[in-house]
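Engineer: Sequence first, then the predicted structure, then my questions.
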Amino acid sequence: MLNYIWVGLIVIAISSAIGTDIYREVNNSYQNGKELEATYLQTSNLREEATGKIQIQKDKFNEHYKTSTSSNLELPILISKEPNGIRKFTIDINNNSPEIWKEMSQGALNKEKLSGVISEMLLTETENIFIIKIKIENISYIKLKSVTNATFDYAATAVTLALGLIGIMALWLGIMKIAEEAGFLKILTTVVRPITKKLFPDIPHDHPAIAAIVMNISASMLGLNNAATPMGLKAMEELNKLNTKIGTATNSMCTFLVINTSGLTLIPATVLAIRAAMGSANPGIIIAPSIFGAICAATAGLIAVKILQRMKRFQISNNID
């Protein structure tokens, strides 16, 4: 079911992007091929390029792009002269740039700049001040490019994450196997049996799922997310072996997922490390709020899941032989 949801979201995103881009192309929202008049204040002039500032009156800009910019524009510009006499320009995009230029830069050759050609350049009565007409490079299909780039970026991230998890899972599953052979897991499950029996009444007390659940929760409480992930996957794998209706989550699966998702953490080691690395004056100040928030989330989640488990519409046959 989740796969269908993801496919549906991808289709909606692509369709929306294509629809938006076609609308903007038809209406020429980015004024491709059209000139925009501006004032150029030259600050340096070398043989092949010159730097300075470009000023555009808000009225002219708003009329050109059909926007409502509230102030005049003044941005740095670099002008270069080609051997064939054509003058090209590059405008840096920053926080002071108009929103439509920020949007257009996402579809430009360089996402931090807008470039184009100067079709006309006239010197005014004041030295180093010119009236110029600029044509920005053609911008099109921004949304579709964004969706495509995001698809490839997150695909690469998924591969990197999966490869990174291989080593982590091999390590911690190996540690769990050693602990199992040494009898540590049996001792641990015996100690926590009164709690697990209440939370997971459908699981036999000596089933491997209990050990995986306990290891996962223990790692999560210590803030060791890298260790908790393989244990969580192992726990779900073992719980699925007890499932009499494959494809439908059992009560134990739902309960475990609630505990896992609530982020029940006593020592948020990962967050503490990040805060310390970023130079926080007091990295440990979040410990108490984190514990309180996690307990509240876990309590609310367990109450909800136990109530829903008693409702007929959410019940499935999960008899264990």
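Structural biologist: Here it is on my side, so go on. Keep in mind that what you see is a predicted model, and the values were worked out from it rather than measured. Numbers count the residues shown, from 1 in each chain.
Engineer: Not counting residues beside it along the chain, what's closest to residue 61?
Structural biologist: Distance criterion Cβ to Cβ, 6 or more residues apart in numbering; nearest residue to residue 61, sequence neighbours excluded, is residue 69 at 5.4 Å. Yep, even glycine has a C-beta here, placed from its N, CA and C like the rest.
Engineer: Spell out which residues sit in contact with the one you found, please.
Structural biologist: With contact set as Cβ atoms under 8 Å, 6 or more residues apart in numbering, residue 69 has these partners: 58, 61, 62, 98.
Engineer: Of the residues you listed, select the buried ones using a PyMOL command.
Structural biologist: Entered in PyMOL, the line below selects the buried ones among the contacts of residue 69, by 16 or more other Cβ atoms under 10 Å:
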select buried, resi 61+98
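Engineer: rewinding a little: I'd like to know how far the residue nearest to residue 61 sits from residue 30.
Structural biologist: 15 Å (Cβ to Cβ, to the nearest Å).
Engineer: Likewise for residue 16?
Structural biologist: In this view, residue 16 and residue 30 are 18 Å apart by Cβ to Cβ.
Engineer: When these two are compared, which one has more neighbours?
Structural biologist: Applying other Cβ atoms under 10 Å to residue 16 and residue 30 shows that residue 30 carries more neighbours, namely 21 against 13.
Engineer: Give me the three-state assignment for the more buried one.
Structural biologist: The assignment at residue 30 comes out as coil when based on DSSP: H, G, I helix; E, B strand; the rest coil.
Engineer: what does residue 246 give?
Structural biologist: coil.
Engineer: Count the residues that sit near the closest residue to it other than its chain neighbours.
Structural biologist: In this structure, residue 246 finds its nearest non-sequential neighbour in residue 240, 7.2 Å apart by Cβ to Cβ, 6+ apart. With neighbours defined by other Cβ under 10 Å, the count for residue 240 comes to 14.
Engineer: Now the helix or strand residue 240 falls within: average pLDDT?
Structural biologist: Using DSSP states H and E, residue 240 sits in helix 225-241. On average, the pLDDT along helix 225-241 is 82.
Engineer: The longest helix belonging to the chain to helix 225-241, inter-axis angle?
Structural biologist: Using DSSP state H to define each element, the chain has its longest helix at helix 142-182. If you take axes from the mean of the first three to the mean of the last three Cα atoms, to 10 degrees, helix 142-182 sits at 80 degrees to helix 225-241.
Engineer: and helix 142-182, what does it pack onto?
Structural biologist: For helix 142-182, the packing partners by 3 or more Cβ pairs under 8 Å, 6 or more residues apart in numbering; DSSP states H and E come out as helix 2-27, helix 184-191, helix 208-221, helix 225-241.
Engineer: which other helices and strands contact the first one?
Structural biologist: Applying 3+ Cβ pairs under 8 Å, 6+ apart, we find helix 2-27 packed against helix 142-182.
Engineer: Could you check the angle the helix it packs on makes with helix 2-27?
Structural biologist: Going by the same axes, to 10 degrees, helix 142-182 makes 160 degrees with helix 2-27.
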